[in-house]
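> coordinates only, sequence not included:
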Ligand SMILES: Nc1ncnc2c1ncn2[C@@H]1O[C@H](COP(=O)(O)OP(=O)(O)OP(=O)(O)O)[C@@H](O)[C@H]1O
Ligand SMILES: Nc1ncnc2c1ncn2[C@@H]1O[C@H](COP(=O)(O)OP(=O)(O)OP(=O)(O)O)[C@@H](O)[C@H]1O
Ligand SMILES: [Mg+2]
Ligand SMILES: [Mg+2]
């Protein structure tokens, strides 16, 4: 029998050691895969570190990839705090991107300084309003939001395809289903010359800080936590449960929408239907790795981005299939999850019949 | 073989099993086996990652990078400009760019037209079903050429067109094909994996596209429009190795006259007269006497 | 009394049981023997370790030290495998838990046979099981509808299902953890009659209760736990209420008395109020609540008092009728409106409605007023004010917890109730709605609740006390009304009523007949 | 209008609906029993992929078709075990573990496939399951043609609906599974192991899901492709709620979804030139949401879903 007992005290050493042990364990598991492909294992890890941190370019790539993950991670963290299971980050991301492009390709003749905020706002609003649909279906009609948000992802992506093949298709795109390019004035500035990391990162960090303050220090956050932990007691204590759910939905969807804004207005400059390689879903992982903490989400997003970018680069350098990158991310995720448990709990193995635990 | 093989990398946004990319992969693998090049590739690269992968290969000192810029035109051109010592050959709907951005595409509308002629003659129900992945120019133009060829020999023929909105869903492509068979189609234009399977299962004919699958579906593939990337690849390798690489449009090497496209027909399945007619047009094309129209508009059902 | 030859054999023996949860020692060196045919009551304050001891006995917990031994078929005591409810069941131990362990989505029958057949057998042997159950129900008098879904049963019925579960497995030892906490007096009486009959058939029974009257009436022997240690183990005949109370809390207990006091103006008036449809609703009820009085509402649970409490808590709205609060009509109200109007609401289910378990004691203390300028500025929380409030409330209500930042879920029921009392009563409400306020609480905590309610009355508040406990109702109420099938009898001065009359009204006898 | 009626009345249409529904039936049955036991299994999308790859690979390596089906089930069970360990004894978030398992199973399947077959330019084929011609059934009017176009795996799926229903509602095991998803302490108090029940159910459910994947590569098609699962797993999660966790309704839900999809394919060829194709592709999802809203009120959640259970913890 295995038993878990919560620790009263979590030593700082253990807190630091756990993720390190997890990372080592993950790499050990991944080395099986590398060895199976007949590639040198040790060299691979050096190359992986180099691919993630080895140069300004690598760092920029890491940060650029972490940016959308921070947003979608925050989106999931906020919603999950209220036990609103928003699995629809992917769709909200596309909604945000679509709105950003709709505004940013010249639909509004705004002066430069106003254009960027408008693009950002439009994207956030689109994501938020999209999430409002499942939230309303939940509070008004009792429809399970796991399912509705999940299904809306497919609907939204199809809608994006429809727009890209129809009204929003770039007439200069040689028939490819893609939007017109955003105006240069609507693009988020780059943070480093010739590098991809862009001002969306700053926005993401500010958002993380904002969400942190919101949840920890405001009445709003207090009410969100109360509703998430016990909606019955919250309602009994006079907290507007429905309004809280809707607010959370708007915020969560808005954050996911911002991920889309960053991708089109920070990186790509135009919209295609394959904008996101699953950032919306990865956001859930980010949020849970972070224990739903906004600041933790930044760390988790950097971690996941670093592992992916490093492993992807490494797979090329040693000449194994680049599906290895996702595999390394997955094993890291699982190992980190398990290690987090060992931080919070003592594991006792109880032999049946003795009644005595051994630590 | 050259004394020092050229370092070539390819970046694909889909797995190498995908027909289109498979042809590039095949040509590069052949060049590698000849010893002309060293060849590495990354497949299924997401658009967001495309730019990073390009830069990584460029940084790694590749002589030539082959890929597809379709959804990443801007980024791809920007990266290329920053690595002037590397040659880029990218699938693109746009033109080449200085100093080092050459383009290509699968211009096999000519053999597609010819397969259309075969199909137009072969259909008895006068209904041809066409299942595509996405309605993008690369697909549309081949479908349109095929339809034109069929209408040329048989003005009564009607088309059913469906896009399954996926490059990779053979079961779905198969279902779409079944639906067309149920509606009376007796020849299928097999743009995607899965369509010929439906044809084989129901005992009707199919027209192949890009790759030759006749041996996988014996008695089913009446004719195919094949794409051969070897002329393009061999040409660009020669140019880069010889120092004569120019950012030009390599698209022409996919034309039949360069051997980049070819038309095959199963003479056991097609009747002799229609084969003869198609062969005649084929010769005209090769002699430059006949030009097949290029039409990128989305094809629509005509019934 | 103690003639060794005649004492029945020991059915179960706990020796030297010690159990720690981190720094907390829940049980320490507890010995307890249980003989066949004997009914033993286990007493102790909230948190004294009663449930923990029983959970060790049943294998939910593993003791850190000590041993449990059970009589085998031949009567010899053999050690019980620790940490295995399966082994406990096999050894003939049945347990009725403090919180029901029933799957609500299954029927009574399914809950009872759950786990009794090998999992991989192809079919449920339903016919034989039903016959055995019919026979059991006849013999024990515990009658339930075998094919009803558990979610449709009343608490009393659920309690019966729990006991049937144990009997169905031919239990030789039956453990009941606070079986009467949610039962009506009548139901409790029936239950104890049943238990006595079962004991007479040789079953050894141990039960936990906070109600001294029933402990004295029903048990043969009484064991008292204090702070995890057994402090007494006496024949019931040698005990009285006062000694038991002192054994439990370690000092003398005085219960508050209600002093006569003139009622003031009408604070709350309901007339012809109807609310909800189906089970547990109220229809066409009316009463007036005056300042400085306690209006007791008696009734068997499930007769609409939960709905009445929800209505006055702002969780439901009346479908028809008038509610006037301090003369003002209340219609589309919600909980926040009721709080603003000065209604203190003590919910019936304190774990579900009273506190957000995952939040801290401090946060739970301010949750109703979180939007008031006392605890926030421009939407930002004033942590200092919140912490100060916690310090003050913890001191004045004697909330036993490590501090304001402790997580509320980990507190005992009595202390959770004190959080609710502190946050609702300290706002000087004009109306107090107390729904089953002492359910599950020990004598000490119950005394605290009563004192606070009387204080509120003394201050001039009107108190509505919804309770099934007639002792409590008569001790506190100025007037008493009875709710039955959603209808409320006209309130009458407590002095004009007696327990028997109210009991009959609760059972549905006409008010006039009963009062006469 | 009459065109639409023609479509709906054709036996071929219903044959297609059943074919499209088959992988969903496997998936939804698997998801359903996991959730009945209180564990949400978002690993389904990856388990589909693993089943598709492993089953096909085994058959390709010569294990035979049924050997492949078995291997697929075992692969599903293995990933199910991983999810079970993470969520049951370790009590980790079921959402995140599920998504982690999806990522892990998918990437491991792809990596294995590519490492085993580095140089394929056209995916290798196997001899897939062929439609069965069942003597009497095939001759029935309407039903015959709809059924006789199906392969053995479709019949297996239909049989499993009955089997899962039987186990859930007629056996002691099913009773325990339903109970553990509602109130684990009820199960524990009756001497059963919550952990064993939940883990066993998740493993079994995951094996069922993998059969859905195997159907794709061994019956609907005869080769493995990257990305060919294409969201089918997620749809099963939605269908589970739609079905109120009942096997019979799950079959109906899967069939409805299959019918929407088959209808959409046919309608596209009818009116495709006037309406963007995506509208039809959206149809199944939107109608599923609408259906969910209609049934939601009555939905009877397994109350312990998503809640980890630790023995002896308050
Ligand atoms: N236990 C719960 N778990 C999940 N969702 C819940 C729960 N309780 C309530 N909800 C959701 O919250 C919704 C809002 O409830 P309700 O309308 O009673 O809140 P309220 O406080 O009255 O809100 P408002 O007055 O602002 O409309 C419910 O319809 C339901 O969907
Ligand atoms: N699983 C647990 N983890 C930590 N502490 C626990 C646990 N179970 C019980 N305790 C603590 O052990 C002590 C004894 O609890 P127990 O439930 O046995 O009390 P009790 O006598 O049954 O009280 P009540 O009359 O309220 O039911 C309490 O302080 C309680 O908080
Ligand atoms: Mg207790
Ligand atoms: Mg409301």
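Ah, there it is. On a predicted model such as this, the values are computed, not experimentally measured, just so you know. Ligands and ions are numbered 1, 2, ... in the order given.

> now do the helices in the stretch 151-300 of chain A.
A:200-217, A:219-229, A:231-236, A:241-261, A:279-289, A:294-318 (DSSP state H, counting those that start in this stretch).

> the last one versus helix A:279-289: what angle between them?
The one in question is helix A:294-318. Here helix A:294-318 points in a direction 120 degrees away from that of helix A:279-289 (axes from the mean of the first three to the mean of the last three CA atoms, to 10 degrees).

> after helix A:294-318, which helix or strand is next?
Where DSSP states H and E defines the elements, the next helix or strand beyond helix A:294-318 is helix A:324-344.

> output the contacting helices and strands for that following helix.
Secondary-structure packing of helix A:324-344 (3 or more CB pairs under 8 Å, 6 or more residues apart in numbering or on different chains; DSSP states H and E): helix A:12-36, helix A:279-289, helix A:294-318, helix D:65-87, helix D:94-116. Just so you know, the C-beta spots here come from the backbone N, C-alpha and C atoms, and that holds for glycine as well.

> so can I have CSV of the helices of the stretch 151-300 of chain A showing distance to residue B:25?
As requested, the helices of the stretch 151-300 of chain A are exported to CSV (distance: least, CB to CB, whole Å):
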stretch, distance to residue B:25
helix A:200-217, 35
helix A:219-229, 50
helix A:231-236, 55
helix A:241-261, 32
helix A:279-289, 28
helix A:294-318, 16
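
> tell me the residue of the stretch 1-150 of chain A that sits nearest ligand 1?
residue A:139 (4.0 Å; CB to the nearest ligand atom).

> pretty sure that residue sits against residue A:240.
No. Contact between residue A:139 and residue A:240 fails when scored by CB atoms under 8 Å: they sit 11.0 Å apart.

> rewinding a little: give me whichever of the helices and strands packed on helix A:324-344 is most buried.
Mean neighbour count (mean count of other CB atoms under 10 Å in any protein chain shown) peaks for helix A:279-289 among the helices and strands packed on helix A:324-344, with a mean of 29.

> show me the contact partners of that helix.
Residues outside helix A:279-289 that contact it (CB atoms under 8 Å, 6 or more residues apart in numbering or on different chains) are A:68-77, A:80, A:87-93, A:153, A:256, A:259, A:263, A:296-297, A:300-301, A:303-304, A:333, A:336-337, A:340, D:93, D:95-96, D:99-100, D:103.

> repeat that for stretch C:452-464.
Under CB under 8 Å, 6+ apart, the answer for stretch C:452-464 is C:256, C:258-259, C:261, C:264, C:267-268, C:289-295, C:297, C:312, C:344, C:421, C:425, C:428-434, C:437, C:465, C:476.

> and the closest residue in space to residue A:73 that isn't next to it in sequence, what pLDDT?
Closest residue in space to residue A:73, ignoring its immediate chain neighbours: residue A:286 at 3.1 Å, by CB to CB, 6 or more residues apart in numbering or on different chains. Confidence at residue A:286, expressed as pLDDT, is 91.

> what's the separation between the closest residue to residue B:170 other than its chain neighbours and residue B:171?
Leaving aside its chain neighbours, residue B:170 sits nearest to residue B:194 (3.4 Å; criterion: CB to CB, 6+ apart). According to CB to CB, to the nearest Å, residue B:194 stands 7 Å off from residue B:171.

> any residues in contact with both of those two?
Counting by CB under 8 Å, 6+ apart, the residues touching both residue B:194 and residue B:171 are residue D:221.

> got the residues of chain D near chain C?
Neighbours of chain C within chain D, by CB under 8 Å from any CB of the partner chain: D:170-173, D:175-176, D:178-179, D:181-183, D:185-193, D:300, D:302-303, D:311-312, D:314.

> count of neighbours near residue D:196?
Residues near residue D:196, counting by other CB atoms under 10 Å in any protein chain shown, number 13.

> next one: phi and psi at it?
With angles defined as degrees, to the nearest 10, residue D:196 sits at phi -60, psi -40.

> pretty sure residue D:33 is touching residue D:204, no?
Yes. At 6.6 Å, residue D:33 and residue D:204 qualify as touching, with contact defined as CB under 8 Å.

> the more surrounded of those two?
Taking other CB under 10 Å, residue D:33 and residue D:204 do not tie; residue D:33 has more neighbours (27 against 23).

> from the contact counts, what lies against the helix or strand hosting that one?
Using DSSP H and E, residue D:33 falls within helix D:11-36. When contacts are defined as 3+ CB pairs under 8 Å, 6+ apart, helix D:11-36 packs onto helix B:170-182, helix D:44-58, helix D:143-148, helix D:152-170, helix D:172-182, helix D:194-215, helix D:232-242, helix D:247-271.

> quick one: pLDDT of the residue of the stretch 201-350 of chain C found nearest ligand 1?
Closest approach of the stretch 201-350 of chain C to ligand 1 (CB to the nearest ligand atom) occurs at residue C:334, with a separation of 5.1 Å. With respect to pLDDT, residue C:334 has a value of 91.

> give me the nearest residue to it, chain neighbours excluded.
Closest residue in space to residue C:334, ignoring its immediate chain neighbours: residue C:314 at 4.8 Å, by CB to CB, 6+ apart.

> wait, the one you found sits on residue C:340?
No. Applying CB under 8 Å, one finds residue C:314 not in contact with residue C:340, separated by 9.7 Å.

> picking up where we left off before, count of residues packed around the residue nearest to residue B:170?
When counting by other CB under 10 Å, one arrives at 27 neighbours for residue B:194.

> repeat that for the one 10 residues further on.
A count of nearby residues for residue B:204, using other CB under 10 Å, gives 21.

> and the one 4 residues further on, by the same measure?
By the other CB under 10 Å criterion, the neighbourhood of residue B:208 contains 26 residues.

> before we move on, what about residue C:64?
With other CB under 10 Å as criterion, residue C:64 counts 18.

> make sure it is actually in contact with residue C:19.
Yes. With contacts defined as CB under 8 Å, residue C:64 counts as touching residue C:19 at a distance of 5.7 Å.

> now the strands for the stretch 201-350 of chain C?
Under the criterion DSSP state E, counting those that start in this stretch, the stretch 201-350 of chain C contains strands at C:204-208, C:221-226, C:229-235, C:266-275, C:282-290, C:294-298, C:320-325, C:328-330, C:343-346.

> what would the ones you listed look like in JSON lines with distance to residue D:247?
JSON lines is the format used below for these (distance: least, CB to CB, whole Å):
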{"stretch": "strand C:204-208", "distance to residue D:247": "42"}
{"stretch": "strand C:221-226", "distance to residue D:247": "49"}
{"stretch": "strand C:229-235", "distance to residue D:247": "52"}
{"stretch": "strand C:266-275", "distance to residue D:247": "39"}
{"stretch": "strand C:282-290", "distance to residue D:247": "41"}
{"stretch": "strand C:294-298", "distance to residue D:247": "47"}
{"stretch": "strand C:320-325", "distance to residue D:247": "44"}
{"stretch": "strand C:328-330", "distance to residue D:247": "49"}
{"stretch": "strand C:343-346", "distance to residue D:247": "44"}
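
> hey, least reliable of the ones you listed by pLDDT?
When those are ranked by mean pLDDT, strand C:328-330 comes last with a mean of 88.

> run through who's touching it.
Defining contact as CB under 8 Å, 6+ apart, one finds that strand C:328-330 is touched by C:322, C:323, C:324, C:337, C:341.

> buried sites along it?
Judged by neighbour count using 16 or more other CB atoms under 10 Å in any protein chain shown, the buried positions of strand C:328-330 are residue C:330.

> what does the stretch 1-150 of chain C put close to chain D?
Residues of the stretch 1-150 of chain C lying close to chain D by CB under 8 Å from any CB are C:55, C:58, C:60-62, C:84-90, C:95, C:97, C:99, C:101-106, C:110-111, C:113-124.

> pull out the buried residues from those residues.
Buried among those (16+ other CB under 10 Å): C:55, C:58, C:60-62, C:84-89, C:95, C:97, C:101-106, C:110-111, C:113-117, C:119, C:124.
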